[in-house]
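# Compute the structure for the input listed below.
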Amino acid sequence: MTATTEPILEVSGLVKHYPLTRGVLFKRQVGAVRAVDGVDFTLGTGETLGIVGESGCGKSTVAKLLCNLERPTAGSIRFKGEDITRLSGRALKAVRRNIQMVFQDPYTSLNPRMTVGDIVGEPYDIHPEAAPKGDRRRRVRELLDVVGLDPDYVNRYPHQFSGGQRQRIGIARGLALRPEIIVADEPVSALDVSVQAQVINLLARLQSEFGLSYVFIAHDLSIVRHISDRVAVMYLGRIVETGRDTEIYDHPTHPYTQALLSAVPVPDPAAREHRERIILTGDVPSPTDIPSGCRFRTRCWKAQERCAREVPALAVPAAFHDTSGPAAHASACHFAEERQVVPPEEPQLHGNGPG
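Numbering: from 1, shown residues only. As a prediction, this is how the structure comes out:
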């Protein structure tokens with residue numbers, strides 16, 4: 001995690017809405033699923049940005065947009081200054097070579113009918129210029145060795161490997177084209193806890209060896225902490241807090257981040273006894289019916305009437321931060337400067353309902 005301040009990726013106003021239609025012969029749009037609803041962030045060269053949030057917050061959709069597996073409804077994604085959302089054909093294909101993805105589930109992301117050698121070498125079929133045909137097998141064996149697998153496994157099939165080994169195969173496939181950015185979409189969530197640390201350590205080593213930049217997506221803040229330089233917390237399609245990893249974990253300012261951190265297991269029994277557990281009330285609102293103002297207000301103990309009227313900007317609270325730029329600790333909360341966490345036994349909810 002030795003990053004530079006020079007951005008390799010700049011995301012601005014990123015939006016992805018999926019239309020809801022009604023009718024069989026004559027379809028008409030009756031609404032939209034606002035999966036991603038205005039996301040901004042940068043990624044520095046050699047940096048790891050962790051994106052965290054509950055299931056359904058839009059983080060996996062962001063991953064698909066970054067890898068051009070989905071087209072955005074609005075906004076821009078700039079790779080080295082070029083907006084890749086406007087590219088097509090050969091230009092888009094060239095960019096895709098530099099932004100690769102590691103998928104969540106190693107049990108479904110590998111074709112069971114293909115050998116490991118064919119799986120890892122498959123990117124060369126799409127980008128034949130990346131490796132001469134006679135050199136592919138050697139490169140595949142090298143990639144297996146890099147991720148900690150025996151090169152002689154090239155003729156085996158996915159069912160002959162454990163979950164952790166399968167994820168290593170997926171990582172080797174992601175490295176085949178020597179990309180500059182890896183988008184890892186919950187790469188350890190399907191693995192045992194004992195294996196998760198091994199995969200995280202592998203990703204950290206590969207980043208150091210190859211100068212990779214990571215967008216690391218997860219729902220578990222404790223996992224993201226071990227690999228990220230900066231963290232962005234997402235809720236219902238938007239980033240609600242972002243900053244350096246130490247700032248997010250030591251001084252969270254958004255109530256949602258505070259609630260997520262209160263659920264992270266603490267190994268020290270003494271510390272566990274003195275920590276407040278924040279239990280959020282209610283369910284996450286539907287992305288088809290976003291609450292007015294602050295979209296977290298229906299579950300927030302700090303919510304007041306202002307929260308229903310005004311959308312809070314993702315900004316640096318002036319009272320206790322003097323940082324600026326992409327690494328600034330910013331929070332989308334009208335009351336971010338209020339450090340005190342209200343105990344869950346004394347909720348102060350106002351303006352409930354999506355309204």
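
# how about Leu191, what does it touch?
By CB atoms under 8 Å, 6 or more residues apart in numbering, Leu191 lies in contact with Pro106, Gly163, Gly164, Gln167, Val199. C-beta: built from backbone N, CA, C; applies to glycine.

# Please identify, among the residues you listed, the one with the most neighbours.
Neighbours here mean other CB atoms under 10 Å. Within the contacts of Leu191, the largest count is held by Gln167, at 31 neighbours.

# element containing that residue, please.
Per DSSP states H and E: Gln167 is located in helix 163-175.

# Pull the residues that contact that helix.
Residues from elsewhere that reach helix 163-175 (CB under 8 Å, 6+ apart): 100-103, 106-107, 109-110, 116, 119-120, 122-123, 140, 143-144, 146-149, 158, 161, 182, 187-188, 190-192, 195, 198-199, 202-203, 206, 210.

# now those: which count as buried?
When neighbours are counted using 16 or more other CB atoms under 10 Å, these contain these buried positions: 100-103, 106, 109-110, 116, 119-120, 123, 140, 143-144, 146-149, 158, 161, 182, 187-188, 190-191, 195, 198-199, 202-203, 206.

# The helix or strand following the helix holding Gln167 pairs with which strands, and in what direction?
Proceeding N to C from helix 163-175, the next assigned helix or strand is strand 181-185, under DSSP H and E. Strand 181-185 has the following sheet partners, assigned by DSSP bridges: strand 99-102 (parallel), strand 213-218 (parallel).

# what about strand 181-185, average pLDDT?
Averaged over strand 181-185, pLDDT sits at 96.

# Same question for stretch 329-341.
On average, stretch 329-341 scores 82.

# same check, this time on stretch 254-271
Stretch 254-271 carries an average pLDDT of 79.

# What of stretch 199-215?
Rounded mean pLDDT across stretch 199-215 is 95.

# Return the distance of it from the chain's centre.
From the chain centre to the centre of stretch 199-215 is a distance of 15 Å (CA atoms, centre = their mean, to the nearest Å).

# contact partners of that stretch?
Residues external to stretch 199-215 that are found in contact with it (CB under 8 Å, 6+ apart): 1-3, 8-9, 43-49, 51, 62-63, 66, 146-148, 164, 167-168, 171, 175, 178-184, 187-188, 191, 216, 223, 226-227.

# Please repeat the previous calculation with a cut-off of 6 Å.
Stretch 199-215 is contacted by residues 8, 43, 45-49, 167, 181-183, 188, 226-227 when judged by CB atoms under 6 Å, 6 or more residues apart in numbering.

# swap in stretch 102-121?
Applying CB under 6 Å, 6+ apart, the external contacts of stretch 102-121 come out as 136, 140, 143, 153-156, 158, 163, 166-167, 169-174, 184-187, 190.

# chain center to that stretch: distance?
Mean-position distance between stretch 102-121 and its chain equals 21 Å (CA atoms, centre = their mean).

# measure it end to end?
15 Å (CA to CA, to the nearest Å).

# Show me the protein divided up by domain.
The chain breaks down by automatic domain parsing into domains covering 7-20+32-250, 253-355.

# Kindly reformat those as CSV containing distance to Phe26.
Converted to CSV, the domains of the chain look like this (distance: least, CB to CB, whole Å):
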stretch, distance to Phe26
domain 7-20+32-250, 15
domain 253-355, 21
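
# Just give me the lowest mean pLDDT stretch among those domains.
The weakest mean pLDDT among the domains of the chain belongs to domain 253-355, with a mean of 77.

# Quick one: neighbours of Leu43, just the number.
24.

# same question, His159
Using other CB under 10 Å, the number of residues around His159 comes to 9.

# Just confirm it is within a strand.
No: counting by DSSP: H, G, I helix; E, B strand; the rest coil, His159 is not part of a strand but helix.

# rewinding a little: pick the most buried one from the domains of the chain.
Each of the domains of the chain was scored by mean neighbour count; the highest is domain 7-20+32-250, a mean of 19, by mean count of other CB atoms under 10 Å.

# Check what contacts whichever strand or helix holds Val140 and list those residues.
Counting by DSSP H and E, the element that carries Val140 is helix 136-146. Applying CB under 6 Å, 6+ apart, the external contacts of helix 136-146 come out as Gly117, Val120, Gly121, Tyr124, Ala131, Pro151, Ala172, Leu175.

# let's go with 10 Å and repeat that
Defining contact as CB atoms under 10 Å, 6 or more residues apart in numbering, one finds that helix 136-146 is touched by 115-125, 128, 130-132, 149-154, 168-169, 171-176, 178, 202, 205-206, 209-210.

# Quick one: residues contacting Glu180.
8-9, 45-46, 79-80, 97-100, 210-213.

# and the gap between it and Ile200?
Between Glu180 and Ile200 the distance is 20 Å, computed by CB to CB, to the nearest Å.

# Next: Ile77.
Ile77 is 26 Å from Ile200, where distance means CB to CB.
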